[in-house]
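Peer 1: Just a sequence and a predicted model for now, questions to come.
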Amino acid sequence: MTLLTRAETIAFSPDTASALRSAGFTLGAISILGVLALGTFGGGFQPWLLIFAVIAFLPALLLLALSRALPARRPISVLLIWAICGFSLLLIRRTPSAGEGVEPQWLITPLIWTVAAAELVLALALAWFAWHLYRKGAFSGAST
């Protein structure tokens, strides 16, 4: 069994759907608590916090939608995975600024760039894997 075949088997399993569902709920709770904490301790309620709350909650909603679409082999799964990869790329863009002002810089800076490079490789691999499954026809046998 090749690595791609094993990955495809794991991708469409009910365990994966359960894991995506729990990750979506966890990410949603963390994003809501983060926005509430920012509003409480960050100087009070600001109108831009509502926009930030919606943007922070979108990846959680994407994970929940993917937990329903992936096991059913719906083609929309590819777009959901690509949207998740897009949010990951936005996170990668902000990763280097996370280490500004943290000492020792000689240790933190290479570590942060290594994490950013690993995030980039994983996001691109996930996007390619979704496209590979779509081109292979893994979603064509879907019954809705």
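Peer 2: Noted; the coordinates are in hand. Residues are numbered from 1 along each chain as shown.

Peer 1: From here on, just use CA atoms for contacts and neighbour counts.
Peer 2: Will do.

Peer 1: ok, and what's touching the host helix or strand of Ile10?
Peer 2: Ile10 is located in helix 3-11, with elements delineated by DSSP states H and E. The set of residues external to helix 3-11 that reach it, using Cα atoms under 8 Å, 6 or more residues apart in numbering, is Thr16, Leu70, Pro71, Leu133.

Peer 1: Point to the residue nearest the middle of this protein.
Peer 2: Residue closest to the mean C-alpha point of the chain, counted by Cα atoms, centre = their mean, is Ile84 at 4.3 Å.

Peer 1: Roughly how far does it sit from Pro59?
Peer 2: As judged by Cα to Cα, to the nearest Å, Ile84 and Pro59 stand 6 Å apart.

Peer 1: Out of the contacts of helix 3-11, which is nearest to Ala98?
Peer 2: Using Cα to Cα, the shortest approach to Ala98 within these belongs to Thr16, at 30.8 Å.

Peer 1: helices and strands around the longest helix seen in the chain, which ones?
Peer 2: Once the chain is assigned using DSSP state H, the helix that runs over the most residues is helix 105-136. With contacts defined as 3 or more Cα pairs under 8 Å, 6 or more residues apart in numbering; DSSP states H and E, the secondary structure elements packing on helix 105-136 are helix 76-94.
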